[in-house]
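K.L.:
For reference, the sequence and a predicted model appear below.
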Amino acid sequence: MNPKSRLRRISIACLLILPGVLFLVACGGEDQTFMPKPVGYYRITMPEKEYQVFDTIFPYSFEYPRYSHIEPDMNPGAEKYWINITFPQFRGKIYLSYLEVKNNLNLYLEDTRTFTNKHIPFATAISERVIVNDTNRVYGILYKIEGSQTASSLQFFLTDSTTHFLRGALYFDAIPNNDSLAPVIDFIGQDIDHLIETLKWKGKEASTS
């Protein structure tokens, strides 16, 4: 046989066999199964719980974490006693809005329900926890809004029903992804519980000083 013809046949045979060999190598045998990697989230280190007192000329006081700081609410519509509790490590804020009750408590309650209901389209569930603290005259509801795309997962209002009304909401400076934020939401949720437990109202005269 002509050497050139033999070489040509060998080359054609190699080209026909090569795809099959590559397929077997890629599969690695019938028993091997390839699974996609699960979605991973960043590991978040939580600081130790330690609290300090917020007690100023404001008509209310409470304890807040040492790993956070308080700043005035600088939004154009903010009122005198509105503040934010900022958590730099988590890029989160608890927005606190204080209002004086003047025979208009029902209006404030309705506004609170309206703000909470705005999250319904993105929520999978909304649970309520009734707050009753007769000693400090603190009453209200804590709303837990579940759902990976909800902008605010925790909201609450507190009142003595006659003079004081305080509304709070937790937000993060990030695109909503509450599945990955779940540990942080639970962690700050404990701080909100502590704020509620330690909240005290001051005399009515303090709200006008």
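P.N.:
Nice, I can see it.

K.L.:
Asp191 looks like it's in a strand, true?
P.N.:
No: with DSSP: H, G, I helix; E, B strand; the rest coil as the criterion, Asp191 is helix rather than part of a strand.

K.L.:
What segments of the protein are helices?
P.N.:
Along the chain, counting by DSSP state H, helices occupy 3-27, 105-117, 178-198.

K.L.:
This structure - how does it break down into domains?
P.N.:
1-31, 51-208 (automatic domain parsing).

K.L.:
can you pull the contacts of Pro65?
P.N.:
Each residue near Pro65 by Cβ atoms under 8 Å, 6 or more residues apart in numbering is listed here: 47, 49-52, 87, 191, 194. Where C-beta positions appear, they are placed from N, C-alpha and C, glycine not excepted.

K.L.:
any idea of the pLDDT on the nearest residue to Asn136 once chain neighbours are set aside?
P.N.:
What sits nearest to Asn136 in space, not counting adjacent residues and going by Cβ to Cβ, 6 or more residues apart in numbering, is Lys200, at 5.3 Å. On the pLDDT scale, Lys200 is placed at 98.

K.L.:
Would you mind listing which of the contacts of Pro65 are buried?
P.N.:
Burial by neighbour count, 16 or more other Cβ atoms under 10 Å: within those this picks out 51, 87, 191, 194.

K.L.:
Please report the distance of the last one from Ser68.
P.N.:
Think His194. As judged by Cβ to Cβ, to the nearest Å, His194 and Ser68 stand 11 Å apart.

K.L.:
cool, and Leu199?
P.N.:
In terms of Cβ to Cβ, Leu199 sits 16 Å off from Ser68.

K.L.:
Quick check: buried residues in stretch 129-143?
P.N.:
For stretch 129-143, by 16+ other Cβ under 10 Å, it's 131, 133, 137-138, 140-143.

K.L.:
Just want the most central residue of this structure.
P.N.:
Ile185 (4.6 Å; Cα atoms, centre = their mean).

K.L.:
wouldn't that one be in contact with Ser148 here?
P.N.:
No: the pair Ile185 / Ser148 is not scored as a contact, 11.3 Å apart, by Cβ atoms under 8 Å.

K.L.:
what about stretch 91-111, how long is it end to end?
P.N.:
End-to-end span of stretch 91-111 (Cα to Cα, to the nearest Å): 26 Å.

K.L.:
now this structure, which segments are flagged as low pLDDT?
P.N.:
Scanning the chain for pLDDT under 70 picks out 1-43, 176-178, 204-209.

K.L.:
which residues of this structure fall in strands?
P.N.:
For the chain, the strands identified by DSSP state E occupy 51-54, 60-65, 69-72, 83-87, 92-100, 125-133, 138-146, 154-159, 164-172, 200-201, in order along the chain.

K.L.:
now these in CSV, with distance to Lys118?
P.N.:
Output for the strands of the chain, formatted as CSV (distance: least, Cβ to Cβ, whole Å):
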stretch, distance to Lys118
strand 51-54, 28
strand 60-65, 25
strand 69-72, 25
strand 83-87, 20
strand 92-100, 14
strand 125-133, 11
strand 138-146, 10
strand 154-159, 10
strand 164-172, 11
strand 200-201, 28
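
K.L.:
ok, Gly168 - contacts?
P.N.:
94-97, 155-158, 192, 195.
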